[in-house]
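[1] Take this sequence and fold it.
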Amino acid sequence: MIKQPGLKIASLLLAALIFASCFTALAYAVTDQDLAQISVTASNTNPTKDEIITVTVSIDNYRTMSPRIAAMFLSVSFDTSCFDYLPESEKVLLKTNNDDLTSIAFDGIDKISFAYTYANTKKQTLPNTASEIFSFKLRSKSTVTEKTTAEFTVGDLTLYNGKNEAEYSEIECKTPITDKVTVWPSRPGILLNDSDQNQGTYNENVTVKFDAATGSLVYEGRPAVSITSPYVCDKNGKYTVTVKHNGVDTEQTFIIDKKISNISVKAGTYLTEYPLGVSPDYSAWVLLVTYMDGTYSELPMDDSDISVTGFDPNVIGQQQLLVKYKDRTTHVNVSVNSKAVLSFSIKSPISKTNYLIGDEIDTTGGVLLVIYDDGTSEEVPITKNMLSGYDKAYLGDQTVTVTYSGVSQSFTINYSSREPVDELIMAIDALDLNTINENSRELLTDLINKFNALTDLQKSAVTNIKKLEDASDIYHYAINPGTTTNPVVTQPIPVTTEPENDNDKKDNSNIIWFIVGGIIILSVIGGIIYFLVIYFKRKKEIDEDEYYDDGDFDDDAENEGDLSYGDDIIEEDEDEDKDEDKTKEKAIEEEEPEASGEEEAKPSDAEKTEEEEPEEEETLDDEDEYEVDDEDVAPDDETEKKTNE
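    A predicted model of the protein is given here:
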């Protein structure tokens, strides 16, 4: 068998590479774990003016870092345009010993500085009873008149390790994490054109903003529609905006009364020709209202201030319709044809056939193929005035009839319950994002499970789902500070085990690196075991190969690989007999007297015969191998003759 030293070298290189990867991953994990994580959090990230908040500075991975920290220095600055500092509100939260050196002070402008030096020589680490370092209080300024966002900053951040100043070594820190605080002029508040003062009547568009995920709006007595801040109101009329915060409803009512320049029916929203006996579907029409300030709005024709007159479906020829909105009017010219409808088919059904209770039918995508009595045909869009036979308050399947010029067809739609949607919307509205923390898992999980249990249609009707996503984001950040999350509502919130006390809390932000390190170590061990198995297996095969090459076994080509050792033994015996003969001859020659010079010069015939016999013995054929024993006796007889002479 052929030896492969390259296999051994490749295995060694692979093992070395895996070892290097293992040590690199572990080194990274340990290094990342050894970095301190400072965070600054506010007790309320959405305060109103004159509201007091508490700012807390913490080391998130406190249990990991506390055995190493002997001294620390840092400062926290705040936005003076939003906050005033409350004198003597600073507080040290570390459970320090009496002989520890700690100081905290306000610089009189916008910075609170904190310094801590461990002075007790009997111990070498900070106490590990809490992760908070210090806190202070701020008051939102009463001069805040609009929504303003402020962010805290951390400076002069230095942490040291060592027993005393002479032995101090600096500890590397991660980038600090700080809260962003949004200060509102009022809360719960609704800002109209960025002001918390309601003018009552506006002669311009009104932009509505509010401190909540969603609100509801009623326009001209129409059913409430959900809106998201900011929302632009651009139509003349009466508005009522309602925002729910912490279970409290805040409501603002106002009127928009802009001066109208002109009105017109938007082209493309109505037909200009109608068969005899067919009336227009005014619900599909859109009234375009242009105001003096250059803005415009689009109004549905079912607005209570809009009226259309002047059409008769049974009069053939041109007709002029009068459209009136408030004190403005416009005209639309249409015609009624003499041809009658023989039949029609639904060429394309409406695209939406599933609805929630209370929803109006959406005729988008519906097209009729109409055949007239003069042999012509035409495609006509399905409109709401063609539909009948359904009840939007009825639960289940319903048959809808399409009627066009006395000819009818039907199709089926389905209405589902809206109750679970409304309940979920109310539950999400009741969430207070400022109170979401690591203990909110059960509440958020329940809301997410309710959302996932809805049908796709019901899910699409949950208008404030963004707030639930924000709450999930805050929760994930609370259980794993320092991470960036992208919450997916359809995924359940991970179950976490709440620690019994603060001493049981662990920083798991880098646990993934330890898992990777463990996997690599197991891979290395497995690689070594595999290498050893392959090595010893190859060694055994090589030893066996060398053993065969020594001739201990001989493959007989004529016997197709059968092992044969008979010839080897015979040849071995033959060689031994020859050695014995030579030994005897040597002994006899030593015993013989020295011959005379003449005898040496002229050997006898017997000696010649004796010298020639070995040559004949060496030329024996292989077939006479077994006669060698008889031939071996000859040298002994000749020796006796020689002795007698």
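
[2] From now on I want contacts and neighbour counts done on CA atoms only, so please keep to that.
    Noted.

[3] what's stretch 205-212 in contact with?
    With Cα atoms under 8 Å, 6 or more residues apart in numbering as the test, stretch 205-212 has contacts from 187-194, 229-235, 243-245, 256.

[4] and with 6 Å instead?
    With contact meaning Cα atoms under 6 Å, 6 or more residues apart in numbering, stretch 205-212 is reached by 189-193, 229-234.

[5] again, but for stretch 100-120
    Against stretch 100-120 from outside (Cα under 6 Å, 6+ apart): 70-78, 99.

[6] closest to residue 365 among those?
    Nearest to residue 365 among these, counting by Cα to Cα, is residue 78 at 56.5 Å.

[7] need the contact list for that closest one.
    Residues in contact with residue 78 (Cα under 6 Å, 6+ apart) are 110, 152.

[8] How far away from the center of its chain is stretch 287-297?
    Distance of stretch 287-297 from its chain centroid, counting by Cα atoms, centre = their mean, to the nearest Å, is 47 Å.

[9] List the buried residues for that stretch?
    Buried residues in stretch 287-297, counted by 16 or more other Cα atoms under 10 Å: 287-291, 296-297.

[10] Just the ones in strands from the residues you listed, please.
    287-291, 296-297 (DSSP state E).

[11] Redo those residues as a markdown table? Include distance to residue 266.
    Compiled in a markdown table, those are given as follows (distance: Cα to Cα, whole Å):
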| residue | distance to residue 266 |
| --- | --- |
| 287 | 6 |
| 288 | 6 |
| 289 | 9 |
| 290 | 12 |
| 291 | 15 |
| 296 | 12 |
| 297 | 11 |
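
[12] rewinding a little: show me just the buried residues among the contacts of stretch 100-120.
    70-78.

[13] As TSV, those with distance to residue 359 and pLDDT would be great.
    Listed next are the buried ones among the contacts of stretch 100-120 as TSV, based on distance: Cα to Cα, whole Å; pLDDT from 0 to 100:
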residue	distance to residue 359	pLDDT
70	67	81
71	66	84
72	63	87
73	62	90
74	59	91
75	57	93
76	54	94
77	53	93
78	50	93
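
[14] just those residues now: which is nearest residue 162?
    After measuring these against residue 162 - Cα to Cα - the closest member comes out as residue 70, at 5.9 Å.

[15] Can you give me every residue that contacts that closest one?
    Residue 70 sits in contact with 118, 125, 160-162, where contact means Cα under 6 Å, 6+ apart.

[16] So for these, which is the shakiest by pLDDT?
    Confidence by pLDDT is poorest for residue 125 among these, given 58.

[17] the domain parsing of this structure - what is it?
    5-30+511-541, 38-183, 190-256, 419-504, 566-644 (automatic domain parsing).

[18] now the end-to-end length of the second one.
    Which is domain 38-183. 24 Å (Cα to Cα, to the nearest Å).

[19] Flag the shaky bits of the stretch 501-645 of the chain, pLDDT-wise.
    Across the stretch 501-645 of the chain, the ranges flagged by pLDDT under 70 are 501-513, 541-645.

[20] Within the sheet, what are the partner strands of the helix or strand harbouring residue 103, with directions?
    Element membership of residue 103, judged by DSSP states H and E, is strand 101-106. The pairing partners recorded for strand 101-106 under DSSP bridges are strand 111-117 (antiparallel).

[21] for the record, mean pLDDT for the strand it pairs with?
    Mean predicted confidence for strand 111-117 is 89.

[22] immediately after that strand, which helix or strand?
    strand 132-140.

[23] hmm, who's touching that next one?
    Taking Cα under 6 Å, 6+ apart as the rule, strand 132-140 contacts 49-58, 82-86, 89-94.

[24] Now a ChimeraX select for only the buried ones of these.
    Buried subset of the contacts of strand 132-140, written as a ChimeraX selection, criterion 16+ other Cα under 10 Å:
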select :49,50,51,52,53,55,56,57,58,82,83,84,85,90,92,93,94
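
[25] taking the contacts of strand 132-140 one by one, which sit in strands?
    Per DSSP E, the contacts of strand 132-140 map to strands at 52-58, 83-85, 91-92.

[26] between these, which is closest to residue 522?
    Nearest to residue 522 among those, with distances taken as Cα to Cα, is residue 58, at 36.9 Å.

[27] Give the burial count for residue 443, as a bare number.
    12 (other Cα atoms under 10 Å).

[28] could you say which helix or strand contains residue 331?
    strand 328-336.

[29] Adjacent strands (with direction) for the following helix or strand past that strand?
    For strand 328-336, the succeeding helix or strand toward the C-terminus, using DSSP H and E, is strand 341-348. Its sheet considered, strand 341-348 pairs with strand 367-372 (antiparallel) by DSSP bridges.

[30] distance between the partner strand and the chain's centre?
    For strand 367-372, the distance to the chain centre is 51 Å (Cα atoms, centre = their mean).

[31] Just the C-alphas of that strand, formatted as PDB.
    Only the C-alpha atoms of strand 367-372 are listed here, as PDB (Å, rounded to 0.1, in the frame of the first residue of the first chain):
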ATOM      1  CA  VAL A 367     -66.800  45.200 -14.800                       C
ATOM      2  CA  LEU A 368     -70.000  44.200 -16.700                       C
ATOM      3  CA  LEU A 369     -70.100  43.300 -20.400                       C
ATOM      4  CA  VAL A 370     -73.400  44.800 -21.600                       C
ATOM      5  CA  ILE A 371     -75.100  43.800 -24.900                       C
ATOM      6  CA  TYR A 372     -77.600  46.200 -26.400                       C
END
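
[32] contacts for it?
    With Cα under 6 Å, 6+ apart as the criterion, strand 367-372 contacts 340-348, 377-382.

[33] again, 7 Å this time
    339-349, 377-382 (Cα atoms under 7 Å, 6 or more residues apart in numbering).

[34] where in the chain is pLDDT low?
    1-34, 97-99, 120-130, 186-188, 213, 245-248, 482-513, 541-645.

[35] Spell out the residue ranges of the helices in it.
    In the chain, the helices defined using DSSP state H lie at 5-33, 62-65, 419-429, 441-452, 456-460, 465-479, 511-549, 566-591, 597-601, 605-618, 628-631, 634-644.

[36] one step back: and of the buried residues of stretch 287-297, the nearest to residue 432?
    For the buried residues of stretch 287-297, the residue nearest residue 432 by Cα to Cα is residue 297; the value is 35.4 Å.

[37] Enumerate the beta-bridge partners assigned to that closest one.
    Counting by DSSP bridges, the residues bridging with residue 297 are residue 289.

[38] Dump the contacts of residue 70 into TSV; add distance to residue 43 and neighbour count as well.
    Shown next, in TSV, are the contacts of residue 70 (distance: Cα to Cα, whole Å; neighbours: other Cα atoms under 10 Å):
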residue	distance to residue 43	neighbour count
118	29	23
125	29	19
160	29	20
161	31	21
162	34	17
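
[39] Nearest to residue 204 among these?
    Closest to residue 204, out of all of the contacts of residue 70 and judged by Cα to Cα, is residue 160, at 60.8 Å.
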